Each structure stands twice: as structure tokens, then as C-alpha cells.
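Starting from these lines, generate the structure:
(2 chains)
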Amino acid sequence: MYRLLKQDEGHARRGEFTTPHGTVQTPAFMNVGTAAAIKGGLSAKDLEDIGCQVELSNTYHLHVRPGDELVKAMGGLHKFMAWRRPILTDSGGFQVFSLAGLRKITEEGVSFQSHVDGRRLFIGPEQSMRIQANLGSDVAMAFDECVKIPSPREYFEAATKRTYRWLVRCKKALAEYNAEPDAVNPGQMLFGINQGGIYPDLRVEHMKAIADLDLPGYAIGGLAVGETHQEMYDTIELVQEHMPADRPRYLMGVGTPGNIIEGVWRGVDLFDCVMPARNGRHAHLFTKQGIINLKNEKYAMDESPIDPACGCPVCRRYSRGYIRHLFKAQEALGLRLAVMHNLWFYNHLMEEIRAALEAGTFAEYRAKYSKILDTRI
RNA sequence: GUGGAUGUGGCCUAGUUGGAUAAGGCGUCAGAUUGUGGCUCUGAAGACCGUGGGUUCGAGUCCCAUCAUCCACC
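Got it, this is the predicted structure:
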């Protein structure tokens, strides 16, 4: 359930999204832990410490290993990974895109080759819903196809229509599975996903169609996959007009701090991105002054924290020089500290955005930080 | 002391019967990364081939000397 607390300038919204495992203050960033763990060695306790409200896991990866049946037998994903707060599961649809080459798409669904052991797998709408019901996440994402940009318009048309037909099947299947007596999380919600590339008419037509299905939330998918930032922003702006105002809006897989600020400006409530974790693992760290590469030699004897303006547990204790050494020596602690800092940065960014929305100063905040946070220094 | 082997970027190696700007890996330096394979990709710097002579049109390759390291023997 979504409650709008304040409509701000632009289309920015301050709200609350309530799930079976608690209420999320929006706009929010969802921390990506694909295989029920944040890569880099962060624990569920660490996630709480860095202010994570929602954890995101991946249907495809958990299906392959350890298996969603196993997770269900272990009491569901929350219990399995000892995380009490909300969880959103991605549908596996993105793997249709990211594992291109190993896949075959039909009306029924997609056959893949496992990236772990090479065995042939099939996931369609029903399979994806079964897996997500077994995991018992709070939000299950629709099984969709994310088409790369650029692709021929005819392909986008066909794929978008197929994604709609899949969504209808997803809705029916998930409702059935969650009505079963041993359902892990009967209150599990389904989010629909808007597609259509950067073709305005396809986007709007598809958005209108899925809005009619009256789902608990909606996502904008298929962005940040090859188009320019301006095309992405224009698409969000166009689509949000047709998204139900009383449901949460989720921009999938996005993005940089600047992308998030611009997304909020255009009415987005939820974000997720691998960037803070992946870039952290590569020693690319976010600061209020811009992005630094901690592996750079110039930080070898730098005694200052990663970001002097940061209050995270890492910055309160460790120096740039020390963390750089950990990276050079390939100590696991280096990854852990870097990822912790970056995730704290993202969650804190959302906190600042929410505060600015409440104070009515988001336009200034946007003007001050939208560009600088994405700049390499 | 005697005999043998080996010396090529920071490290490990390739380099034909002597032939053009001495090749590669690791490392270093730097860049990329958007619903995650700690993966991967891209670019750059860096060696006058232990040293000194010689043979030759031409030497990392052949010869002599010398230095260093390793092995075996006294």
C-alpha cells in the first residue's frame, strides 16, 4: 500500500510504502543482494547499520542455487538470510537480457543455460511466480523481457505485447500460489513492468494497458541499457503521467546518484542498482565532491577518510591510504569497507532527498548535487 | 680452487640456420562498469638483451675476456 505524504516541485513525491515486513519511507534505494547476500561480505546486521530499508534478491540466481524449494523449506527468504525488513525479488526477466546468447524466447517463456553448471533451464511467467512465491518476498516483479537499445521498432512492438500477455499470466499465477495454505508470504505483492524502449507511443500504450490490471505497484524497466541520459529522463517523464498516483513507482536498475535525483524529480519512488556495490568492489567510491578511484596512487599516503563529509562507520574510522592498501593487498576487508561506504552513501542520499522534499528544498538540492555527484575527480 | 649451466622491462619467460621499430604473461599506472559472475574489457608507461671487446653488410643469437648467480666435485 502506498501513501503519498507530499507532492513536491517537478513531480517529486515523498511517501510511504507498506509491505508485510514493514513500511518503507520513499523515495528509497533498494540494496541489491542478488544471491541473498550483498557482495563484498556485508551481513544483514551491516545492512541495518547502513540504513538499508529494502533488500533486493534475484529469482533466477536463487532458483539456480540453492533452489527456491530449499529456501521455502527453510522458512522463506526472510528467515533464510536473517533479514526482517522488506525484500523485493527481481523476476529473472533481466537475465533474458543479460544472458543473451544462451537464451531462447518463445510465447511460453525463456529457456536458458545455467551460468553455474550449464544445465538447460526454463522460466516463464508461471515459473517465475512459483519461484518468487517460494522465496516469499514482499514484492514479486513481473516476468518481462528487457530489450536492448537500440533494437528494431518491430521487435519492441512484439516484445512489449508479449510482456503484457506474460503480465496477465503472472497476476493469475501469483494469486493462485499465494492462496495456497502453505504460502510463505500470502501478502506478497506483484509489480508490473513498463517496457517499450524509447518509443513514446509504445511506452504510453503499454503503461495504460498494465495500469488497467490494477496492480499494487509499477516499475519502469528497460532503461539504462544503451540510451542517452536525456532519452531516459524523457521516457520517465512521459510514462509517469500514466502511472497510477496511488501506487509506488520503481525505476529498475538505475542508477548513478545523479540519475536518482533526476528520477525523483520526475516522480520515481523506488530505485535499485548494482553500481554502489560493484563500483565499491572496484574501489570507485562515491563522495559529496564526486567519484574517486581509491586505487589511484595519489591516495597512497592520504590520511583523510574516503569522504570528509561522510558520517558512515567506515569514514569515521579508516583512512583512504589504509583502504587503498587493503585493495592492493587484495584483503577482503577492502571490499567490505568500500561497499559499506558506497551503500551508506546511497541510503544517506535518499535520506537527504526525503528531508529536502519535506522541507520543500528539493529543487535546490537537485541543482546543487545532480551533476557533481556523478563527476569523476 | 676445478668443471658445468644461466644472465632479456619490477618479476617470470619467448626470441628460428645471425636479418627490419626485441614479443607475451604477471605486476604497475589509468579508464570503463546502471533489474550483479569479486568477473570482464580498454588504454598507457617501462628493456639500447649483465659488462667490455671482437667477427660480420648486419649480433639478443657466434667468438674472447670479465662480473654475477646457481649446481657438481676437490
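
pLDDT at the residue in the stretch 101-250 of chain A positioned nearest to RNA strand B, what is it?
Taking CB to the nearest atom of the strand as the measure, the stretch 101-250 of chain A has residue A:146 as its residue closest to RNA strand B, at 2.4 Å. In this view, the C-beta of every residue, glycine as well, is placed from N, C-alpha and C. pLDDT for residue A:146: 90.

Surely residue A:248 touches residue A:270?
Yes. At 5.8 Å, residue A:248 counts as touching residue A:270 under the criterion of CB atoms under 8 Å.

Enumerate every residue touching the residue of the stretch 101-250 of chain A closest to RNA strand B.
Taking CB atoms under 8 Å, 6 or more residues apart in numbering as the criterion, residue A:146 is in contact with A:93, A:94, A:96, A:97, A:195, A:221, A:222, A:225.

Neighbour count for residue A:248 and residue A:270, which is higher?
Neighbour totals were compared for residue A:248 and residue A:270, and residue A:248 leads with 30 against 26 (other CB atoms under 10 Å).

Determine the three-state secondary structure at the residue located most distally from the centre of chain A.
Distance to the chain centre peaks in chain A at residue A:301, reaching 35.6 Å (criterion: CA atoms, centre = their mean). For residue A:301, the assignment made with DSSP: H, G, I helix; E, B strand; the rest coil gives coil.

gap between it and residue A:119?
Applying CB to CB, to the nearest Å, the value for residue A:301 to residue A:119 is 50 Å.

do the same with residue A:201
Residue A:201 sits 41 Å away from residue A:119, going by CB to CB.

Quick check: residue A:166 is in a helix.
Yes. Checked against three-state DSSP, residue A:166 lies within a helix.

Buried residues, the helix ranked longest in chain A. List them.
Looking across chain A with DSSP state H, the single longest helix is helix A:332-359. Using 16 or more other CB atoms under 10 Å as the test for burial, helix A:332-359 gives A:334-351, A:353-354, A:356-357.

Just give the nearest non-adjacent residue to the residue of the stretch 101-250 of chain A closest to RNA strand B, would you?
residue A:97 (4.0 Å; CB to CB, 6 or more residues apart in numbering).

how many other residues sit next to that neighbour?
Other residues near residue A:97 come to 16 when the count uses other CB under 10 Å.

Surely it and residue A:147 touch.
Yes. Between residue A:97 and residue A:147 there is a contact under CB under 8 Å: 7.3 Å.

Can you give me every residue that contacts the residue farthest from the centre of chain A?
Neighbouring residues of residue A:301 by CB under 8 Å, 6+ apart: residue A:321.

ok, the residue lying closest to residue A:167 once chain neighbours are set aside - contacts?
Spatial nearest neighbour of residue A:167, excluding adjacent residues (CB to CB, 6+ apart): residue A:142 at 4.9 Å. Residue A:142 makes contacts with A:91, A:93, A:125, A:163, A:166, A:167, A:170, A:190, A:191, A:192, A:193, A:219, as judged by CB under 8 Å, 6+ apart.

can we see that at 6 Å?
Contacts were defined as CB atoms under 6 Å, 6 or more residues apart in numbering; by that measure residue A:142 touches A:91, A:167, A:170, A:192, A:193.

And residue A:29, by the same measure?
A:271, A:346, A:347, A:350.

switch to 10 Å and redo it
A:51-54, A:56, A:257, A:260, A:270-273, A:276, A:343, A:345-351, A:353 (CB atoms under 10 Å, 6 or more residues apart in numbering).

can you tell me which of those are up against RNA strand B?
A:56, A:272, A:273 (CB under 7 Å from any atom of the strand).

just checking, which of those belong to strands?
The strands, defined by DSSP state E, take in A:56, A:272 from those.

Now flag whichever of the ones next to RNA strand B among the contacts of residue A:29 is closest to RNA strand B.
Within these, the smallest distance to RNA strand B is 4.8 Å, found for residue A:273 (CB to the nearest atom of the strand).

when you scan the host helix or strand of residue A:286, is anything in it near RNA strand B?
Taking DSSP states H and E as the definition, residue A:286 sits inside strand A:284-287. Yes. Using CB under 7 Å from any atom of the strand, strand A:284-287 comes into contact with RNA strand B via residue A:284.

do the same with stretch A:105-112
No. Stretch A:105-112 stays clear of RNA strand B (CB under 7 Å from any atom of the strand), getting no nearer than 10.6 Å.

Next, the distance between the ends of that stretch.
The straight-line separation of the ends of stretch A:105-112 (CA to CA, to the nearest Å) is 9 Å.

Pull the residues that contact it.
Applying CB under 10 Å, 6+ apart, the external contacts of stretch A:105-112 come out as A:60, A:64, A:92-93, A:95-96, A:99, A:102-104, A:119-128, A:143, A:145, A:159, A:162, A:165-166, A:169.

Let me see the mean pLDDT of that stretch.
If you average the pLDDT values across stretch A:105-112, you get 90.

list the buried ones in that stretch?
A:109, A:110, A:112.

now stretch A:265-285
A:265-273, A:275-277, A:279-281, A:283-285.

before we move on, back to that, could you export the contacts of residue A:146 as a markdown table, including distance to RNA strand B, pLDDT and secondary structure?
Below are those laid out as a markdown table (distance: CB to the nearest atom of the strand, whole Å; pLDDT from 0 to 100; DSSP: H, G, I helix; E, B strand; the rest coil):
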| residue | distance to RNA strand B | pLDDT | secondary structure |
| --- | --- | --- | --- |
| A:93 | 4 | 86 | helix |
| A:94 | 3 | 87 | helix |
| A:96 | 8 | 71 | helix |
| A:97 | 6 | 71 | helix |
| A:195 | 7 | 97 | coil |
| A:221 | 4 | 95 | coil |
| A:222 | 4 | 93 | coil |
| A:225 | 6 | 89 | coil |
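
With that, I have no additional questions.
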